[in-house]
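Asks: Quick one, structure for this:
(chains A and B)
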Number of protein chains: 2
Amino acid sequence: MELHAMDLYIKSLIKEAGHRIRNSFISDITIETKSDANDLVTNIDKEIEQFFIERIRRDYPGHRIFGEEGFGDDIQHLEGVVWMLDPIDGTMNFVHQKRNFAISLGVYEKGTGQLGYIYDVVNDDLYYAVRGEGAYYNDEKLKPLIDTSIAESIVAINASWLAPNRYLDHEAAIRLVQTVRGTRSYGSAALELAFLASGRIDAYVSMRLSPWDIAGGAVIAGEVGAVMTNFKGEAANLLKQDTFIAANPSIHNIMLSDYIRLK
Amino acid sequence: MELHAMDLYIKSLIKEAGHRIRNSFISDITIETKSDANDLVTNIDKEIEQFFIERIRRDYPGHRIFGEEGFGDDIQHLEGVVWMLDPIDGTMNFVHQKRNFAISLGVYEKGTGQLGYIYDVVNDDLYYAVRGEGAYYNDEKLKPLIDTSIAESIVAINASWLAPNRYLDHEAAIRLVQTVRGTRSYGSAALELAFLASGRIDAYVSMRLSPWDIAGGAVIAGEVGAVMTNFKGEAANLLKQDTFIAANPSIHNIMLSDYIRLK
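Replies: All right, here's what the predicted structure looks like:
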């Protein structure tokens, strides 16, 4: 796979998709709900996924595509090259805020992330990485993550995970919130991974993410040393929805052992 | 008071302060802690407050200044004209993220907000209002808030308020989190008020805010119809720290009656 040629191709494709999304703000956006009333999808999510798939199928016909809206392939294994795409990560922000959402794209070969992109469409900010060559925020090379402590960390965690629930030991999560320097919640897994990669937050925790939510960010955050697993400490799942924690390497272990625990 | 002349003066002053803050990124920032280990203050917070105070005392000598860092006046009443200033609202974001903080300024006459400014320094985004003339986001006039429902609302609330605590009925707050469409937390009261005023969130809740945190935002959010009180439903306190809820007018009552309750 010629990564540098693909990298240029993908950047151009993402910028064009971003342009289409920004243009959509002046037209009608149709909002539907998916699994529950707060799981939103719009015609724009669908149109943008179809735009990507059309181009990728034309220009990289041997590759498969795993997309959030389901217009891609039925992915049961990670052989060959798989593009993992969330056309609009943070659809609720897209609908309610018209900002704070991103295009997320990762290209994986035999299950290994080779290219990663998170494009903050409204701010025109691109985070990206080619495996082994470091991660970038626009033209700026991102620095390796610096060691920190739990007490000085800023952790992105949604307040809803602190309510009693079937999966997570919410009392341990509450202790986390009481121990860290601060918590934030931005509503886009892709952007939260980008913020981790650029050192603005020190960890990101979610009870439920899909491969396309994390595929792009995993390549980027991995390049600066972030550690990413599910809550059992296993490698992040690229075939199905799972729990997810991404953290500065100096706090990942203690986060899992002391604060983020499955019931 | 000649509000339009002051408005032009203040915009110029805020932009100059923003320029100084952005310049500080290339110099050394000294970080200290205040009341607790996570209550940060830097030399830049102090320098920027002193910059404002020097200018205001020179150009508006009869006015008093209520500033977060304490270089202003000892404010025990709201007679005359009082400038309420937070030179860097969201200091933790300033230190850790180098973004997502704001200059917050409100000018009050006999306790009534006449002018309000929230300046997102890194994005160069200014939210402002002259009392009775509507609120603006840069050159765009903000629209009056549209009615919504609790179930479709996005509420800014920090995860820490969901832990058991002495003040808030945290179980009711957990019900809120489980009822609304989504929650967010950005780490700057001023920006969260700006986001409420621009319709990106529908409510903002905090257990503990000071007058300078809310003074600028209250004028701006008030112009688009937001309702702001403490948790008892009383007018926001402009002399001392208090609880604070700002919300779309269609959900403020139910937020207070059903979800945000003092113990």
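
Asks: all helices for the stretch 101-250 of chain A, in order.
Replies: A:170-179, A:189-197, A:211-223, A:249-254 (DSSP state H, counting those that start in this stretch).

Asks: Tell me which of those sits nearest to B:G225.
Replies: helix A:189-197 (29.5 Å; C-beta to C-beta). From N, CA and C alone the C-beta is placed, and that goes for glycine too.

Asks: Please name every helix or strand in contact with that closest one.
Replies: Packed against helix A:189-197 by the contact rule (3 or more C-beta pairs under 8 Å, 6 or more residues apart in numbering or on different chains; DSSP states H and E) you find strand A:81-89, strand A:102-109, strand A:112-120, strand A:135-137, strand A:154-156, strand A:203-209, helix A:211-223, strand A:242-247.

Asks: wait, which of the ones you listed is closest to B:K232?
Replies: Per C-beta to C-beta, nearest to B:K232 of the helices and strands packed on helix A:189-197: strand A:154-156, 31.3 Å.

Asks: any idea of the pLDDT on A:N237?
Replies: We note a pLDDT of 89 for A:N237 in this prediction.

Asks: Name the nearest residue to the residue of the stretch 151-263 of chain A found nearest chain B, ignoring sequence neighbours.
Replies: Across the stretch 151-263 of chain A, the shortest distance to chain B (C-beta to the nearest C-beta) belongs to A:R200, at 4.0 Å. For A:R200, ignoring the flanking residues on the chain, the nearest one in space by C-beta to C-beta, 6 or more residues apart in numbering or on different chains is B:Q97 at 4.0 Å.

Asks: so who does the one you found touch?
Replies: Counting by C-beta atoms under 8 Å, 6 or more residues apart in numbering or on different chains, B:Q97 touches A:154, A:195, A:200-201.

Asks: how near is it to B:F195?
Replies: 16 Å (C-beta to C-beta, to the nearest Å).

Asks: Excluding chain neighbours, what is closest to A:S160?
Replies: Per C-beta to C-beta, 6+ apart, closest to A:S160 is B:V177, 5.2 Å.

Asks: Contact partners for that neighbour?
Replies: Per C-beta under 8 Å, 6+ apart, neighbours of B:V177: A:159-160, A:162-163, B:155, B:157, B:162, B:183.

Asks: A:V41 belongs to a strand?
Replies: Yes - going by DSSP: H, G, I helix; E, B strand; the rest coil, the assignment for A:V41 places it inside a strand.

Asks: A:E32 is in contact with that one, correct?
Replies: Yes - here A:V41 lies in contact with A:E32, judged by C-beta atoms under 8 Å, at a distance of 5.4 Å.

Asks: out of these two, which sits in the busier spot?
Replies: Neighbour totals were compared for A:V41 and A:E32, and A:V41 leads with 19 against 11 (other C-beta atoms under 10 Å in any protein chain shown).

Asks: about what we covered before: could you dump the contacts of B:V177 into JSON lines and include neighbour count and distance to A:V224?
Replies: As requested, the contacts of B:V177 are exported to JSON lines (neighbours: other C-beta atoms under 10 Å in any protein chain shown; distance: C-beta to C-beta, whole Å):
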{"residue": "A:A159", "neighbour count": "27", "distance to A:V224": "27"}
{"residue": "A:S160", "neighbour count": "18", "distance to A:V224": "28"}
{"residue": "A:L162", "neighbour count": "25", "distance to A:V224": "28"}
{"residue": "A:A163", "neighbour count": "19", "distance to A:V224": "32"}
{"residue": "B:V155", "neighbour count": "29", "distance to A:V224": "32"}
{"residue": "B:I157", "neighbour count": "26", "distance to A:V224": "30"}
{"residue": "B:L162", "neighbour count": "25", "distance to A:V224": "31"}
{"residue": "B:T183", "neighbour count": "24", "distance to A:V224": "28"}
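
Asks: next one: phi and psi at the residue nearest to A:R200?
Replies: phi -120, psi -20 (degrees, to the nearest 10).

Asks: What distance do you get for it to B:D45?
Replies: Distance, B:Q97 to B:D45, by C-beta to C-beta: 15 Å.

Asks: can you check A:I245 too?
Replies: 33 Å.
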